[in-house]
Each structure stands twice: as C-alpha cells, then as structure tokens.
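**Student:** Below are the sequence and a predicted model for it; my questions follow.
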Amino acid sequence: MTRTPLLRSLLRIGAMAGKESIHVRRDPRTLALALVMPVVMLFLFGYGVSTDLDHVPLAFADQDQSEASRALARAFDGSGEFVVVGRPAPEEVEALFRRGAVVAALVVPRGYQQDLLLGRTARVQLMLDGADPLVGNQVLAKADAIARVESQRLAGAAFAGLRPPLQVKVWTRYNPEGRSALYMVPGLSAFLLAITAVMLTALAIAGEWERGSMEQLFASPVGRLEIVLGKLLPYLVLGLLELLLVVAFGALVFDVPIRGSLPLILLFGLVFLAGMLGQGLFISVVAKNQLVATQAGALSAMLPAIILSGMIFPIENMPLPLQAISRLIPSRYLVHGLRGILLKGNGLDVLWPDLLAMAVFAVAILGLATARFKRRLA
Amino acid sequence: MSAAPIAGAGAGHAIVVRDLTRRFGDFTAVDRVSFEVEQGEIFGYLGANGAGKSTTIRMLIGLLAPTGGRAVVAGHDVAAAPGRVKESIGYMSQKFSLYLDLPVEENLLFFGAAYGLEGRALRSRAAELLERVGLDAQHETTTGDLPGGQRQRLALACALLHRPGIVFLDEPTAGVDPVARRAFWELIRELARGGTTVFVTTHYLDEAEYCRRIGLMVDGRLVALDTPAGLKRTWVPDRVLVARGRGLAAAGARLAGAAGIRAVAPFGAGLHLRVDPARLDGAGVAAALRGAGAEAVEVEEAAPSLEDVFLAVVDRGAEATP
C-alpha cells in the first residue's frame, strides 16, 4: 500500500469515529441526553422557570371608597400584571403578607378623590413583600408604570389638552418586554452543551478503560491522539446538532430572534465544545470508572454553567472573587457570545474576546488531558 | 527496517528475548528473561498470578517499555519500533475487550480498520474469519448476547484480521467451559499448522500440553523452558507407579525406605509409588510388593503431569529465593 502516513492516520481516526457513532446510535440513553433533554429543559426554563411576573396577588385596601379609588383598582386589576385578591381594612394587610396571600398591597387613604378633584397631589401607599428582592423590584416597577398611566389618564380627564409637565419613558433595549426566554435560551445552550459534551465523553472514555478495550486499542497501531480525536469527533457533531436544536426551538417557540450569523453561532459552539470535550477527557483519564466519571462530569459541567456563567445570576452582581473565578468558566463566554449574536446581532468584531477566551481554555484542557492520557498506561 | 541481530539468535526465530527486565519502582516484575520462539511454534508461558507473564507480554507487544535487556519481535525491536511491532502482531488481551454493544461483524470491521484494512478487502476478510471461527451465522448478533466461548473466538478473529505472523494470547480461555476451551485450542493448533507463531499464557496445565514448548515463570524469572516431555523428565525424574491388589497397605509400609523406593503413599484402594527409574521398573516393584506379603498385585506406570512439574518448579523456585 502506497498510502501516506497522514491518510492512514485519517483512516484510523475515521474508524474510531465510525465505531463511536455506532455506540451512540445503539444507546438510547445517549441520544436522549443529547437530543430530548435540551427540548425538555428549554420548555422548563422557558415557561416554568420564567422570571417574568404577572398576575401578582394584590390586596386593595380602599379607605376612600370613591369613584376615583375604584378606577385605580380597575387600572391595577385590568393590567394583567396584578390581580386584586382582597379588599381588606388597612390593619388586616399585615396578616395577608404573613400568610403569603399577597405580594403587594395598595392602600388608598381617605380623601384620595377629594385631593384629585381639588387638584392636589393624591398619595397612595404601595406595600411590598421584599423577601424576594427580584420579585420586589419587578412589582415596584410594574406598579410604578400603572400608577403613571393612571395619573396621565386623570390628568387628561381633568385638564384635557394639557400635557403632563414631565414625561418619563424607560426604553429597555434588546429585550423590551423583559422576557426571560430571551436571555434564558443562550444561557441554556451553554448549560446543555456543557453537560452533554463533558458527560458523554467522560462516560465514553471511562467505558473503554473499564472494559479493557483501551489496552486493546493501545496494542493496535491506532495512536493515542487518533484515539482521542476519533472518540471526540462524534460528540462534537452531536453537540453542534444540540446547539442548533436549542436555537431553533428558541426561535420557533419563544420567538428568540437570530439577529447575528448562524455560522458564527456554530463557530462559538465548536470552540466551546472543544473545551468541554477536553474537560470530559480529562475527567475520564483521572476517574478510571464510569460512575465517578459521571458524577465528576455532571458536577464540573453543571454547577459552573448554572451559577457562574451569567445564565441566571448576573455576573456584575457577584462578589469580586466569584467574578474572577467566572472568568475561568468557558460557559460565561458562550452565554455572553450567544446573547450578543442572537439578541444584538453582534459579529466577531465585538465578540472576539469571548471566542479567544474559550479557545485558550480548550487548548489548555485538551493539552493537559492528552498529556495525562499518555502517561496513564505506562 | 529490521532490528540489529541479537547474538545467538538464528533466522527462523519469531521472537528473540535477551535479559529482558522490567522494574516498577523497587519491584522487579520481570528479571533478566531470555528465550527464543521459533516460527510457527505454539509457545506456552506459564506461571502463577503476578509471576510476570502479563508484564512480559505487554513488553513484547510494544505496550510497555522494558527497563533493561532487548526483545525483537517479528524482526522489530520492541523498544525502538513499538509501532512496527504492533502492526505485525495480533493481540488478544486478558479481558474480553470486545465492544459488547456492537454487532459481531462491527467488532471485526472496527478492529480491521484499526489495523489499516478497508473496503471490500476488509469485508471479505471479516467474512472469511467469521466462517473460520464458526460465527458466520451470528454476524448480526449483538456481541454481548454471545456465550463466553463464542465471544472468545470472536476476539481471536479480531486479532487475526490483518494476518499477523505472531499472535499473543493472554489467558485466552480464562472462565470458559471445557468444551469451548477444546474448540478454541483446535483453532490455535490449526493456526500454528498454517505457520503462525502463537505465544500463549494460561492457567490451565492441561492446555499447556498442547504447546510445543513451555516457559515457566516464578517471581519474575524464567526458571524452566522445554517441551512438555522434557520438563517432565527434568523436573519429575522419578518413575511414578500405581499398584493394585490385596494387602498393599502393610506391604507398602514394609517397603518404605527400601533401595530405589523414593516415596510410598496410599492412593484410593491402591498404592502410589515414586521410584528411581535407574533401579526399579514396574515388574521389579510388583515382585518387591509380593515379597513383602501383598497378593494379586498389578502395577501400572503413571505419567507425571505438568502439574507435578509446576509444583516441583515452584518448590525449587521458592528455595532458590529466600
């Protein structure tokens, strides 16, 4: 045979990859983990774990009992943001909060209508359950918005043709409705890719050690790098399919826009996956059996991707040491990159630092893992 | 590319090993082992667990670098050109390292591709081997569903795909039933008749009888190397006789310590005697027993087994290493 060494090497890598993809095709658990879990998670996070608030239970303590106060109640109730669940006396409000029956209470003092009619500034009191600051802030913003609309309406009725002296308008860019799906989908992609890539490779390679077939492979002319490349290749393809699946579902079900370029999304996915596959390889070389590899893989992939990537908790709000650690987490760069590409239509000119950071991680961990891998059998 | 010749090793040697040594820290797993294996020979490598059999094999197939000494396998030095060695040999490891979730045929196709076969040549070679090991009807079966004996024949087929001149079989029949073991050895002998050199380790001493020559490892050293018959002559030099008849117990007790008699032991209803072959034979022992009062005596010569050899070697080996 007059084949060049490179071609023979490629054929051996192809043989490894072909064998590995038969494993994948014949193992329903792998396919479920890679292709079904993302869809389930997307629905869970998109709908269930939505951080959007609506139908906030509101107590309406009306001491004025006037036409104007009833109009205010209608404004809150009709907005869809709040539901008036009770009309207690002011002293009963506290008890409602304690029971958790309401998240907010609006107290309209006696003389509300009187003040309005006389052209004085009418004051109402909003009470909030501040136990969950995230919820509290949102409720405050929503109540503020409704009150502003109501005051405009009142101003319009009383002084037709006169504009309010000051018009405040908040304009949220990129995600004007504040829909969590929009920032959840990029975050979720990182999380899912991390889990799939790390766990599947850790499992697959630990399995070869456990089975004893790794020794058989080493005894064959297949080189170590060829083994690694051949084993990782199918999971790389599977990971990219998963990424496309998540992005497509996000676009179809949750109207997540794809403003940037699809090839750039794939490039980000590719570089990120290379790092995650390296992490899985490293774990499997150190762990030696599938059980330990699974646990180490799940923990090392999931926790950073959820907590430190900015997927749910804004990195800017973290204490400085955690912010520093998050710089070592590739998920952080994928989340930032995907948000940029999907929501803002950013290109490489803006996002290259993210890509570079992921590439550095990938090269480092793959190098480390291959070095450990070589020493393992000696 | 061929390795520099080793002194004393002629042509026709598939494997030449000189002072091969492997240390793990302070522990010497293989200690200055030397031997040759001829082309087309079935060479048995015996020893207790931890005696250094697997370490030797792993050095010979290029998996483990020797700490000292040399080994030339299929014309290639294992330390200098492990890649060449790997291409020219077949290896069947101790565990069945087949992919159990893959169909039988896919295992063959994968290992064939790993050794550089492809396309139609690979498929026809795989089909040929399936037929040879009697698995052609099961080629679509999931490997994990095969019984142990068939799995092992498949593992052998995987090691033979690229037509290696030498195959290394590390305890190939461990945990397989006797019928399957016999069928497997039939394959191995057929292989050797075709000119393939077979280097095999085993626990089963009855299997070792099939080998043309046997090397015995004790504590990392090769302490005996010969044909099965030669080993028996050297290590169990006494003639072993079994006597049957009446009044043997009393007669045996009287004979113990007599000239030429080395050991007397009851054996079932009869008597087991080890005698000096130069001084006594079956007829002589029968006469002596009759003279000591036994009646209706029949004496039969019993062949020493490799088990006797193995025990003798291990005893001697243990004496030599305090």
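**Tutor:** Received the coordinates, thanks.
**Student:** Surely B:Val16 is in contact with B:Glu38?
**Tutor:** No: using C-beta atoms under 8 Å, B:Val16 makes no contact with B:Glu38, being 10.3 Å away. For glycine as for every other residue, the C-beta is placed from the backbone atoms N, C-alpha and C.
**Student:** Comparing these two, which residue is more hemmed in?
**Tutor:** Between B:Val16 and B:Glu38, counted using other C-beta atoms under 10 Å in any protein chain shown, the more crowded position is B:Val16 (22 against 14).
**Student:** hang on, that one is in a strand, isn't it?
**Tutor:** Yes: counting by DSSP: H, G, I helix; E, B strand; the rest coil, B:Val16 is part of a strand.
**Student:** Against A:Tyr333, how distant is it?
**Tutor:** Computed as C-beta to C-beta, to the nearest Å, the B:Val16 to A:Tyr333 distance reads 57 Å.
**Student:** Please name the residues that touch the residue of the stretch 101-250 of chain B found nearest chain A.
**Tutor:** Using C-beta to the nearest C-beta, B:Ala113 is the residue of the stretch 101-250 of chain B that sits closest to chain A, at 3.3 Å. By C-beta atoms under 8 Å, 6 or more residues apart in numbering or on different chains, the contact set of B:Ala113 is A:Leu11, A:Arg12, A:Gly14, A:Ala15, A:Gly18, B:Leu122.
**Student:** Could you give the bridge partners of B:Phe168?
**Tutor:** Taking DSSP bridges, one obtains B:Tyr91, B:Phe199 as the residues bridged to B:Phe168.
**Student:** what's it in contact with, if anything?
**Tutor:** B:Ile57, B:Leu60, B:Ile61, B:Ile89, B:Gly90, B:Tyr91, B:Met92, B:Phe199, B:Val200.
**Student:** switch to 10 Å and redo it
**Tutor:** Going by C-beta atoms under 10 Å, 6 or more residues apart in numbering or on different chains, B:Phe168 touches A:219, B:15, B:43, B:45, B:56-58, B:60-61, B:73, B:89-93, B:159, B:197-201.
**Student:** Specify the local secondary structure of the spatially closest residue to B:Pro237 that is not a sequence neighbour.
**Tutor:** The shortest distance from B:Pro237 to any residue other than its chain neighbours is 7.1 Å, reached at B:Pro277 (C-beta to C-beta, 6 or more residues apart in numbering or on different chains). Following three-state DSSP, we place B:Pro277 in the coil state.
**Student:** cool, and the one 10 residues further on?
**Tutor:** Following three-state DSSP, the label given to B:Ala287 is helix.
**Student:** List, one by one, the residues from the stretch 151-300 of chain A near chain B.
**Tutor:** A:207-208, A:210-223, A:226-227, A:230 (C-beta under 10 Å from any C-beta of the partner chain).
**Student:** And the buried ones among those residues, selectable in ChimeraX?
**Tutor:** This is the ChimeraX syntax for the buried subset of these, where burial follows 16 or more other C-beta atoms under 10 Å in any protein chain shown:
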select /A:207,208,210,211,213,214,215,216,217,218,219,220,221,222,223,226,227,230
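**Student:** The residue most central in space within chain B sits in which helix or strand?
**Tutor:** Nearest residue to the geometric centre of chain B (C-alpha atoms, centre = their mean): B:Gly44, 2.7 Å. According to DSSP states H and E, B:Gly44 maps onto strand B:42-47.
**Student:** Within range of chain B, give me the residues from the stretch 1-150 of chain A.
**Tutor:** Proximity of the stretch 1-150 of chain A to chain B, by C-beta under 10 Å from any C-beta, involves residues A:1, A:3, A:8, A:11-12, A:14-16, A:18-20, A:22-23, A:26-27.
**Student:** these two touch, right, A:Gln65 and A:Ala89?
**Tutor:** No: look at A:Gln65 against A:Ala89 with C-beta atoms under 10 Å: they stay out of range, at 11.5 Å.
**Student:** before we move on, the earlier item: min pLDDT across the residues of the stretch 1-150 of chain A next to chain B, which one?
**Tutor:** Within the set of the residues of the stretch 1-150 of chain A next to chain B, pLDDT is lowest for A:Met1 (50).
**Student:** just the helices in the stretch 251-378 of chain A please.
**Tutor:** In the stretch 251-378 of chain A, the helices defined using DSSP state H, counting those that start in this stretch lie at A:262-287, A:290-303, A:320-326, A:330-339, A:348-376.
**Student:** Deepest-packed of those helices, please.
**Tutor:** With neighbours defined as mean count of other C-beta atoms under 10 Å in any protein chain shown, these peak in mean count at helix A:330-339, which reaches a mean of 27.
**Student:** how about the nearest residue to the most centrally placed residue in chain A, chain neighbours excluded?
**Tutor:** For chain A, the residue nearest the mean C-alpha position is A:Gly187 (2.9 Å; C-alpha atoms, centre = their mean). Once flanking residues are discounted, A:Gly187 sits nearest to A:Met311: 2.9 Å by C-beta to C-beta, 6+ apart.
**Student:** Please tell me how far the lengthiest strand in chain A is from the chain's geometric centre.
**Tutor:** Longest strand in chain A, counting residues (DSSP state E): strand A:56-62. Distance of strand A:56-62 from its chain centroid, counting by C-alpha atoms, centre = their mean, to the nearest Å, is 32 Å.
**Student:** tilt between the very next helix or strand once past that strand and strand A:56-62?
**Tutor:** Sequence order places helix A:67-77 as the next helix or strand after strand A:56-62, per DSSP H and E. Counting by axes from the mean of the first three to the mean of the last three C-alpha atoms, to 10 degrees, helix A:67-77 lies at 170 degrees to strand A:56-62.
**Student:** list the helices and strands the longest strand of chain A packs on?
**Tutor:** Secondary-structure packing of strand A:56-62 (3 or more C-beta pairs under 10 Å, 6 or more residues apart in numbering or on different chains; DSSP states H and E): helix A:67-77, strand A:82-86, helix A:93-99, strand A:104-108, strand A:125-128, helix A:133-158.
**Student:** Of the ones you listed, flag the one that's most buried.
**Tutor:** strand A:104-108 (a mean of 22).
**Student:** Return the subset of the residues of the stretch 1-150 of chain A next to chain B lying in strands.
**Tutor:** Using DSSP E, none of the residues of the stretch 1-150 of chain A next to chain B sit in strands.
**Student:** Just flag the most distant two among these.
**Tutor:** By the measure C-beta to C-beta, A:Met1 and A:Asp27 form the most distant pair in those, at 34.1 Å.
**Student:** Please tell me how far A:Ala369 sits from chain B.
**Tutor:** 21 Å (C-beta to the nearest C-beta, to the nearest Å).
**Student:** need the contact list for that residue.
**Tutor:** Contacts of A:Ala369 by C-beta under 10 Å, 6+ apart are A:201, A:205, A:228, A:277-286.
**Student:** With A:Gln290 instead?
**Tutor:** A:Ala202, A:Leu203, A:Ala204, A:Ile205, A:Ala206, A:Gly207, A:Trp209, A:Glu210, A:Arg211, A:Ser284, A:Gly297.
**Student:** cool, A:Arg12 as well?
**Tutor:** A:Arg12 sits in contact with A:Ser220, A:Pro221, A:Val222, A:Gly223, A:Glu226, A:Ile227, A:Leu229, A:Gly230, B:Ala113, B:Ala114, B:Tyr115, B:Gly116, where contact means C-beta under 10 Å, 6+ apart.
**Student:** wait, what's in contact with the second one?
**Tutor:** Looking back up the chat, that one is A:Pro221. By C-beta under 10 Å, 6+ apart, the neighbours of A:Pro221 are A:8-9, A:12, B:62, B:82-88, B:114-116, B:162.
**Student:** In ChimeraX, select just the buried ones from the residues you listed.
**Tutor:** Selecting only the buried entries of the contacts of A:Pro221 in ChimeraX, with 16+ other C-beta under 10 Å as the criterion:
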select /A:9,12 /B:62,82,84,85,86,87,88,114,115,116,162
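**Student:** Setting aside sequence neighbours, what's the nearest residue to the residue in the stretch 101-250 of chain A that chain B sits nearest to?
**Tutor:** Closest contact between the stretch 101-250 of chain A and chain B, by C-beta to the nearest C-beta, is at A:Gly212 (3.4 Å). In space, not counting the residues next to it along the chain, A:Gly212 is nearest to B:Lys95; the distance is 3.4 Å by C-beta to C-beta, 6+ apart.
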